[in-house]
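# Using only what follows, build the 3D model:
(2 chains)
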Amino acid sequence: MSGPATSQDTDTRMTGWRIPGLVLMQLLPRTWRKSRREGMIENRPVLTFVSHVVLAVGIAIVALPVYITFVASTLAVDEVLQAPMPLIPGTHLVENYGKVLGQGVSSNVTSAPVGRMMLNSLITALVIAFGKIAISLLSAFAIVYFRFPLRGLAFWMIFVTLMLPVEVRILPTYKVVSDLGMLDTYAGLTLPLIASATATFLFRQFFLTIPDELAEAARIDGAGPMRFFFDVVVPLSRPNIAALFVILFIYGWNQYLWPLLVTTDESMYTTVIGIKRMIAGGDAATEWNLVMATAMLAMLPPALVVLLMQKWFVKGLVDSEK
Amino acid sequence: MEKRARFRSRWLPYALIAPQLAITIVFFFLPASQALYQSLLVQDAFGTNTQFVWFENFQALFHDEDYLRSFRVTAVFSVLVAGIGLSVSLVLAVFADRVLRGAAVYKTLLIWPYAVAPAVAAILWLFLFNPTLGVVAHWLKGLGIPWDPLLDGRDALIMVVIAAVWKQVSYNFLFFLAGLQSIPKSLIEAAAIDGAGPVRRFATIVFPLLSPTTFFLLVVNIVYAFFDTFAIIDAATSGGPAQATQILVYKVYADGFKGLDLGGSAAQSVVLMAIVVLLTFVQFRYVERKVQY
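As a prediction, the model looks like this:
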């Protein structure tokens, strides 16, 4: 941060392009401001045209895999297998998605219905997101608003977890979860991922900016700490909670390594794992049209969360890297 | 920074912090210390015979040609992912920063790949690059370029790099754009009045002022390439063909879960932990305060 003025300025700009409906309103003064600014430099129509072309090409390349995936998900299996496959959507959209959601892909490995997997993903993502937010709110509150013996140690113990992603300690963590009998359970899928310092750190930083007068006033009014927590701290944290929720929901939904290890029962697969299992049989045995329909379904919920909560998404990204 | 106003209670703070500490201890300190301890042991696959060997696992590791090769693969992979990812996103961000009309639309259309799971990204690209039915593979064949990521190590590496970059572009783009927008326009105007063209302005003003953001993103991208790309590797290539895409974090998994070499896998975990600690240190020490959002 280079200073309050700049940070606020950046903040307005970063959040200026959030919800489609608000964009227009926001754009009016901004366009005016920008064009005046731009006019002071120079007007280069060629360069502006090149900018649009570069951005359009960039977007096209970024969108290509998803477009092809979508087309493949609307074709019959023999249409996908002919090389090259058609590049315009086919007529099997409803059939493919209905089959995948209701019955699953059964050609090589018996697979649970994707509807079930999406439910598993949803539960996992929500438990991880809300779980992390809840325990982080509580522990950050304890660290900021109380002074107690071993506070420093507790603080340190939480923050050192920043340094060790689950990937580097998978084997022993797996053993712990299996010893606790939590394989193939929602607890096993979510609990080990709930411990993380990022959210606690974020809430701690935010709590430190809450004016001391609020806590003093609450104390004078005879409100206990928990009353203060629920009536003042949590409502004030709402923007941070929303921002974190977006990031954590995506994080939870997209988990791969951990669910891969702890789920062996098909009915506990998450969508992401389900897709991986579907292609395990090799090219000949893979019904790519159905796999691609599943891939579309796996992308849809987190993509919707990002697009609909764009403002919070950007805030969350920036905050969680501070 | 400390609060002046505090609450007093003997037990409440412990109750508040207990859930997080319990989870941290059970799923974090216990496994991490076990990994440390395990890395000093040699154990057979059934766990019946265990021997304490001090640092033999580490010595063996750094004499193991496969491990050194995995180090090289990881180095090439992360340099490519960070280098290509940062360049592409910087170009897009610079042009998006210029555009007056439709900027919001461009941004929206560029940020959503962040939401795609790495494993799904891998499968999307695997499908496009599939030598028999992939669309892009077909185009490459039309151009006379031989292509088979399932058999050729170099092709496989290119494929996972593309998938990893594709997934990370939106993140880099957002931070670059924020960085660009925080550069005071008066500086650019002054340079324009002095007669500097857009390229010159970018090279002498914009890029240097963007360097904190670039350095921050460099660290984030290296961490991403080292650890978060596990799903991409596993779903697209499983480290193959012939270990050509076996990055370090994948080898921990392959040796531990498939090879059942517990000591070796734990020693590799410890090496990785050391790398993360180093990267985190670099990030906090040199990046943190200088980044302008």
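# Pull the contacting residues for the residue nearest the centre of chain A.
By CA atoms, centre = their mean, chain A has its centre lying nearest to A:Ile250, at 1.8 Å. By CB atoms under 8 Å, 6 or more residues apart in numbering or on different chains, the contact set of A:Ile250 is A:125, A:302, A:305-306, B:114-115. For every residue, glycine as well, the C-beta is placed using N, CA and C.
# Pick the one among these closest to B:Asp155.
Distance to B:Asp155, by CB to CB, is smallest for B:Tyr114 among these, at 26.5 Å.
# just checking, A:Ile273 touches A:Thr263?
Yes. Using CB atoms under 8 Å, A:Ile273 is in contact with A:Thr263, at 6.3 Å.
# So for these two, which sits in the more crowded spot?
Shown here are A:Ile273 and A:Thr263; by other CB atoms under 10 Å in any protein chain shown, A:Ile273 has more neighbours (28 against 22).
# quick one: the nearest residue to that one once chain neighbours are set aside from chain B, how far?
Spatial nearest neighbour of A:Ile273, chain neighbours left out: A:Pro259 (5.0 Å); criterion: CB to CB, 6 or more residues apart in numbering or on different chains. As judged by CB to the nearest CB, to the nearest Å, A:Pro259 and chain B stand 10 Å apart.
# Export the helix or strand hosting A:Pro259 to PDB, keeping only CA atoms.
Element membership of A:Pro259 [criterion: DSSP states H and E] is helix A:257-262. Output of helix A:257-262 as PDB, limited to C-alpha atoms (Å, rounded to 0.1, in the frame of the first residue of the first chain):
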ATOM      1  CA  LEU A 257      -5.700 -34.400  -4.400                       C
ATOM      2  CA  TRP A 258      -7.500 -34.700  -1.000                       C
ATOM      3  CA  PRO A 259     -10.800 -36.100  -2.300                       C
ATOM      4  CA  LEU A 260      -8.900 -38.400  -4.600                       C
ATOM      5  CA  LEU A 261      -7.200 -40.000  -1.600                       C
ATOM      6  CA  VAL A 262     -10.000 -40.100   0.900                       C
END
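# and the closest residue to A:Ala76 other than its chain neighbours, what does it touch?
Spatial nearest neighbour of A:Ala76, excluding adjacent residues (CB to CB, 6+ apart): A:His92 at 5.2 Å. The contact partners of A:His92, taken as CB under 8 Å, 6+ apart, are A:74-76, A:289.
# what about the chain, any weak spots by pLDDT?
Using chain A. By pLDDT under 70, the weakly predicted segments of chain A are A:1-43, A:106-111, A:163-168, A:281-285, A:321-322.
# look at chain B instead
B:1-2, B:4-5, B:43-51, B:53, B:100, B:284-293.
# Quick one: the helices in it, in order.
Taking DSSP state H as the criterion, chain B carries its helices at B:12-24, B:30-38, B:56-63, B:65-98, B:103-111, B:118-129, B:135-142, B:153-181, B:185-193, B:198-201, B:207-223, B:230-236, B:248-253, B:262-282.
# Now tell me what touches stretch B:66-78 from outside.
Residues from elsewhere that reach stretch B:66-78 (CB under 8 Å, 6+ apart): B:61-62, B:157, B:160-161, B:164, B:221-222, B:225-226, B:229, B:243-248, B:250-251, B:268.
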